[in-house]
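**Student:** okay, here's the prediction I keep looking at, along with the sequence it came from:
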Amino acid sequence: MTWQNYQLDNTILKADEALTLWQIEKGIIEISKNTLAIPIKLDKQRKGYVFHGHSKLVLDTIVETQEGAIGKPVEKEINEPFLMIGDTEEIQQHLTIASKEDLTSMGYENEKGFITKAEDLRRKFLGKRRMHAHQCRDENNGFIFAFPNETGKLDMLIAKGSKLVYKAIDRVFVSTKNKVVLKTPKEVILSSDQRSFVIKKES
Amino acid sequence: MFIFIVFYSIIIEIKQINAKLRMVRIKMSEDIKEDMKKLREEIASLKEQLRDVMERERRRSHGIYIDVGNRVRDYMEDVMESVAEGIHGELEKSIFIGPRGVRIIRKEEAPREEGEVEVSFPKVAEVMSALGQEHRLRILKELIGGGKYINELQEKLSEITASTLSSHLKVLEEAGLVVQEKVRGRYLITMPGRTAYKMATRITKFLERRDIE
């Protein structure tokens, strides 16, 4: 079994324009112009980035049932560094070397400040153990996003094609072509091919 | 003389055989009676079991067969005993039969009564106010058929302007009766929205019927 490390590059880049990192029918993640980025590498190949800028996550964590829709959309401004593992080809065409001014505008005195934060995030994401190569492979347009939340843990979004898993403090949302599951602190909703079940937790 | 002796011994032997046969017959008769008795008992027991199975099947097919676990059954028996003892309302406290099913409340749990439900009257007013407009009710009716984009709703409510439609949708959204997808932009009726619409139409129908009467 081969174990490999995902390591941060020491080059700090920035987005030369606003970019859409990921988009499907139910969700979208965008970064603004001048968002900072540090590449994540595996065997000298770019496998993802740690971004820091004014980014946005929109996700329709709504389940449609015959009795009506349940759930609310997620609409979050992400102003903290977050991590992405996935297809980097398209993105890297829009990244250029960041200047000191770009770092300053995001509140960093120097490169080290951002690298330290990115490294913390990388460690938190991968844990102390090393990740198996296939767990983070970017084949078949798969994406993994990790966003730090208020509790210091990570909200995770894993997507592959139309399949989607989102885990945050207040909800877990799983969506495939025909099936949707939404778990909130009050209820669990399962919907599959026109049939749906709602399991309410007694308060 | 010899012939007489032989004849006599044969008669005795025949008598002995007859006696044995009688004994066997009596024994067999008793055995058969015993077997018959056992068979009758078995048949009665089987009939009883069959009756039970049929009764259970009949109840199950009519949707009233409830197979509850021992603990729940014991608890139900306790409750029924309490009722028998004349504790008024015990059953009502223990079982709440709502429109969507039966809810069994544990003994230590406080009973739920309408008066105890805390209602935020401003929120109730907000929901009722959202329902209290013809176009908003029509929007809800359209959305019951499935999620719709704003232009689809505009087509259905062509007599109102786009800005009026948007403000109606905003009111419905704030009341929690409608939710908008942020990526695709479709409007969906929520579970409370559907319930509120049904409730409003049913009350109206009920009042209309009373007027006719």
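**Tutor:** That came in fine, so what should we check first?

**Student:** how many neighbours does the nearest residue to residue A:95 once chain neighbours are set aside have?
**Tutor:** The shortest distance from residue A:95 to any non-neighbouring residue, by Cβ to Cβ, 6 or more residues apart in numbering or on different chains, is to residue A:13 (4.1 Å). No exception for glycine: its C-beta is placed from N, CA and C like everyone else's. Using other Cβ atoms under 10 Å in any protein chain shown, residue A:13 has 21 other residues around it.

**Student:** those helices in chain B, which residues are they?
**Tutor:** B:2-61, B:70-84, B:90-94, B:121-131, B:134-144, B:150-156, B:162-174, B:191-212 (DSSP state H).

**Student:** now render the ones you listed as a markdown table, adding distance to chain A.
**Tutor:** A markdown table is the format used below for those (distance: least, Cβ to the nearest Cβ, whole Å):
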| stretch | distance to chain A |
| --- | --- |
| helix B:2-61 | 22 |
| helix B:70-84 | 16 |
| helix B:90-94 | 16 |
| helix B:121-131 | 14 |
| helix B:134-144 | 8 |
| helix B:150-156 | 15 |
| helix B:162-174 | 10 |
| helix B:191-212 | 4 |
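
**Student:** which bits of chain A sit near chain B?
**Tutor:** Proximity of chain A to chain B (Cβ under 8 Å from any Cβ of the partner chain) is limited to residues A:23-28, A:58-60, A:62, A:64-65, A:67-73, A:75.

**Student:** just the C-alphas of stretch B:12-29, formatted as CSV.
**Tutor:** Output of stretch B:12-29 as CSV, limited to C-alpha atoms (Å, rounded to 0.1, in the frame of the first residue of the first chain):
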residue,chain,number,x,y,z
ILE,B,12,-61.4,-75.2,27.7
GLU,B,13,-58.8,-73.9,25.3
ILE,B,14,-61.5,-72.2,23.2
LYS,B,15,-62.9,-70.6,26.4
GLN,B,16,-59.4,-69.4,27.3
ILE,B,17,-58.9,-68.0,23.8
ASN,B,18,-62.3,-66.3,24.0
ALA,B,19,-61.4,-64.9,27.4
LYS,B,20,-58.1,-63.6,26.0
LEU,B,21,-59.9,-62.1,23.0
ARG,B,22,-62.4,-60.4,25.2
MET,B,23,-59.5,-58.9,27.2
VAL,B,24,-57.8,-57.7,24.1
ARG,B,25,-61.1,-56.3,22.8
ILE,B,26,-61.6,-54.4,26.1
LYS,B,27,-58.0,-53.2,26.1
MET,B,28,-58.3,-52.1,22.5
SER,B,29,-61.6,-50.3,23.1
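
**Student:** still on that earlier bit, and the residue nearest to residue A:95, its phi and psi?
**Tutor:** Per-residue torsions, residue A:13: phi -120, psi 170 (degrees, to the nearest 10).

**Student:** repeat for residue A:64
**Tutor:** Dihedral angles for residue A:64 - degrees, to the nearest 10 - are phi -90, psi 120.

**Student:** run through the bridge partners of the nearest residue to it once chain neighbours are set aside.
**Tutor:** Spatial nearest neighbour of residue A:64, excluding adjacent residues (Cβ to Cβ, 6+ apart): residue B:188 at 6.3 Å. For residue B:188, the beta-bridge partners are residue B:179 (DSSP bridges).

**Student:** show me which residues of stretch B:12-20 are buried.
**Tutor:** Across stretch B:12-20, burial judged by 16 or more other Cβ atoms under 10 Å in any protein chain shown covers no residue at all.

**Student:** can you list contacts of it?
**Tutor:** Applying Cβ atoms under 8 Å, 6 or more residues apart in numbering or on different chains, stretch B:12-20 turns out to have no external contacts.

**Student:** and that stretch, how far out from the chain middle?
**Tutor:** Put simply, stretch B:12-20 sits 73 Å off its chain's centre (Cα atoms, centre = their mean, to the nearest Å).
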